[in-house]
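Visitor: Below are the sequence and a predicted model for it; my questions follow.
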Amino acid sequence: QVHLAESGGGSVPAGTTLTLSCTITGRTYPPFAMGWFRQRPGNEREFVAGLSRTELSTRYADSVKGRFAISKDNTKTTFFLQMRRLKPEDTAVYYCAGGLLITNTVLVREDDYSYWGQGTQVSVSS
């Protein structure tokens, strides 16, 4: 049984930095491709950032490119989303996801991910 749990959300002013964490418990091998998605108020859930299972490739949504960074710790059980220069439009529920597809590319579709966290709220005030 694989379980993902996000932490680190909160309410912050625009321009600040916030780092979300996602802890994987249960099975961690073979390595997962990891992703972060978000659902903004009144919108569908959307891809934010992804890390390939080889950890050699990353990909970001245009709206966060240059501000957000996805990474994984050496234990392979926790990965992060560092969010810099936050904007009010970044307000959303953020979800981490793990995918088991045998590919070295970054997974960007929700359907490619098998495991999801419960979500953590990030609210950015102007």
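Guide: Great, that's in hand. Numbers count the residues shown, from 1 in each chain.
Visitor: measure stretch 49-68 end to end?
Guide: Stretch 49-68 has an end-to-end distance of 8 Å (criterion: CA to CA, to the nearest Å).
Visitor: again with stretch 19-32
Guide: By CA to CA, one end of stretch 19-32 lies 20 Å from the other end.
Visitor: Quick one: mean pLDDT for it?
Guide: Taken as a whole, stretch 19-32 has a mean pLDDT of 86.
Visitor: Just the residues contacting it, thanks.
Guide: Applying CB atoms under 8 Å, 6 or more residues apart in numbering, the contact partners of stretch 19-32 are 1-9, 34, 36, 53-55, 76-83, 94, 96, 98-100, 115, 117, 120, 122. C-beta: built from backbone N, CA, C; applies to glycine.
Visitor: Report the contact partners of the residue positioned nearest the centre of the chain.
Guide: Among the residues of the chain, the one closest to the centroid is residue 36, at 2.1 Å (CA atoms, centre = their mean). When contacts are counted by CB under 8 Å, 6+ apart, residue 36 touches 20, 22, 48-50, 68, 70, 81, 94-97.
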